[in-house]
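> Predicted coordinates and the sequence they were generated for:
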Amino acid sequence: MAPQNRLITLNNGVQMPILGFGVFQVPEDQTEQVVTDALAAGYRSIDTAASYGNEEAVGRAIKGSGIPREELFITTKMWIQHTGEDTAKREFDNSLRRLGLDYLDLYLIHQPLGDYYSSWRAMQKLYGESLIKAIGVSNFYPDRLVDLIRHNDVTPAVNQIETHPFFQRQADQQLMREHGVQIESWGPFAEGRNDLFTNPVLAEIGSAHGKSVAQVVLRWLTQRDVVVIPKSVRPDRMAENLDIFDFDLTDDEMTRVAALDTGATVFFDHHDPAMVEWLGGRRVD
Ligand SMILES: NC(=O)C1=CN([C@@H]2O[C@H](COP(=O)(O)OP(=O)(O)OC[C@H]3O[C@@H](n4cnc5c(N)ncnc54)[C@H](OP(=O)(O)O)[C@@H]3O)[C@@H](O)[C@H]2O)C=CC1
Ligand SMILES: O=C(O)C(=O)[C@@H](O)[C@H](O)C(=O)CO
């Protein structure tokens, strides 16, 4: 039987499943069932965020599953208005309470906006107190990532960024590798944009292996050591997305997927002032 997952070792020795499950845009009232289904399917790593509004439901599913805490890897994220040393500490406590946990596996600064240096100092302290196994960031482009590393004690263990066949970030991954920062993909399917699920190149590679486009994409990412956290509310797709470790893409297939890169985001650009303003205006209280 093919292995169901693989562990990645982060820069502080903590191990993280390379394949996890994301819950962005899963409605609060469906999240408990969806995460219960995901855990039953075999996922052990769950990615949520304060801004998703579903941490409590994730917590209920974790509790209801009866799975020992040490077998789970739980990530959540701090939103933009919660930056600053005291606020960040308080917000961490709030997330922990909502999740019903007494420690986090991974805590991320959600966006490189606001007073995130102070947040990072608070997170370094929480990490030092063993309340978080690993701390990291999300949506950091290389300039801000390297600056954060240069001016702080703890190097982020993870940078969770948009990456999928249409926006591959291979140079960014290389830079992160050089700094010991693990790349994690959000939006591995580009949420279906650019007709990803019917892309002829991905479909043809899938046919050659008896696999779906979704499986080809997840295998292509994990074969390049990218952590993935696909989202689905459907148990059949949860199982499909887990079933990716019994085949490998050939060098030629890797090259064909590499050629799909457009080099541009299909979601949002943190260097665009209008987008920065829009994100900053999204309040989470
Ligand atoms: N840090 C950040 O800023 C961000 C982080 N994230 C994280 O990354 C996770 C994944 O990204 P997300 O934005 O959800 O998008 P994904 O790229 O994972 O795409 C999810 C979409 O793909 C569909 N889908 C899932 N599996 C399949 C399949 N096998 N076949 C066909 N369709 C499928 C889902 O539909 P259905 O549910 O109906 O099956 C849903 O519409 C998020 O849930 C979140 O945890 C996401 C965005 C930003
Ligand atoms: O989903 C996330 O984690 C994000 O940061 C963004 O998608 C953000 O929350 C958002 O809603 C932008 O569309």
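Perfect, I can see it now. Residues are numbered from 1 along each chain as shown. Ligands and ions are numbered 1, 2, ... in the order given.

> For the residue of the chain found nearest ligand 1, the count of nearby residues, please.
Closest residue of the chain to ligand 1, CB to the nearest ligand atom: residue 22 (2.4 Å). Heads up, the C-betas are built off the backbone N, CA and C, glycines and all. By the other CB atoms under 10 Å criterion, the neighbourhood of residue 22 contains 25 residues.

> Tell me the gap between stretch 196-214 and the middle of its chain.
Distance, stretch centre to chain centre, for stretch 196-214: 23 Å (CA atoms, centre = their mean, to the nearest Å).

> Stretch 62-82 now?
13 Å.

> Does ligand 2 have contacts with it?
No: Stretch 62-82 lies apart from ligand 2 when judged by CB under 6 Å from any ligand atom; the minimum separation is 6.6 Å.

> ends of that stretch, how far apart?
Start and end residues of stretch 62-82 are separated by 25 Å (CA to CA, to the nearest Å).

> Give me the buried positions along that stretch.
Using 16 or more other CB atoms under 10 Å as the test for burial, stretch 62-82 gives 62, 72, 73, 74, 75, 76, 77, 78, 79, 80, 81, 82.

> In helices only, show me those residues.
Cross-referencing the buried residues of stretch 62-82 against helices under DSSP state H gives residue 62.

> quick one: which of the buried residues of stretch 62-82 sit in strands?
73, 74, 75, 76, 77, 78 (DSSP state E).

> For those residues, please prepare JSON lines with the additional fields distance to ligand 1 and pLDDT.
Below are these laid out as JSON lines (distance: CB to the nearest ligand atom, whole Å; pLDDT from 0 to 100):
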{"residue": "73", "distance to ligand 1": "13", "pLDDT": "98"}
{"residue": "74", "distance to ligand 1": "12", "pLDDT": "99"}
{"residue": "75", "distance to ligand 1": "8", "pLDDT": "99"}
{"residue": "76", "distance to ligand 1": "10", "pLDDT": "98"}
{"residue": "77", "distance to ligand 1": "6", "pLDDT": "98"}
{"residue": "78", "distance to ligand 1": "11", "pLDDT": "97"}
